[in-house]
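>>> I would like the atomic coordinates for the input below:
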Amino acid sequence: MRKPNDMTLKDAITKMLSVYRLKGRFDETGLVNHWPDIMGTAVANRTTQLYVSNKKLFVRIESSVIKNELLMVKTGIIEKLNERVGAQVITEIVFL
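A predicted model of the protein is given here:
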């Protein structure tokens, strides 16, 4: 039986992330971790560096062919990544 001021573990973690101002960093880390799931193994295996800074996702791709293909669908990738983490984490992708 739950007491009136009890909360779920999910709510407690969400509140903790908010109080300690860690939500943004948590979402950025989740986005980097979801990169292989969203982009597939072909792209993930050719990605050598991936990090977020100032709402920009920096991605180093070894293959110039894949890099050019990703440039053409950059907006769609941004939408998919933000949708996956459930927040507006990135606004721009920079391919290195």
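>>> where in this structure is pLDDT low?
Where the chain drops to pLDDT under 70, the residues are 1-2.
>>> helices of that one, start to end?
With DSSP state H, the ranges of helices along the chain come out as 9-19, 23-39, 41-45, 64-72, 74-85.
>>> ok, residues contacting the third one?
Residues from elsewhere that reach helix 41-45, judged by CB atoms under 8 Å, 6 or more residues apart in numbering: 35-36, 61, 66, 70. Any C-beta I mention is one placed from the backbone N, CA and C, and that applies to glycine too.
>>> quick one: contacts for the spatially most central residue of the chain?
By CA atoms, centre = their mean, the chain has its centre lying nearest to residue 31, at 1.7 Å. With CB under 8 Å, 6+ apart as the criterion, the residues that contact residue 31 are 52, 57, 81-82, 84-85, 89-90.
>>> and the residues you listed, which two are the farthest apart?
Of all pairs drawn from the contacts of residue 31, the one with the longest distance (CB to CB) is 52 and 84, at 13.5 Å.
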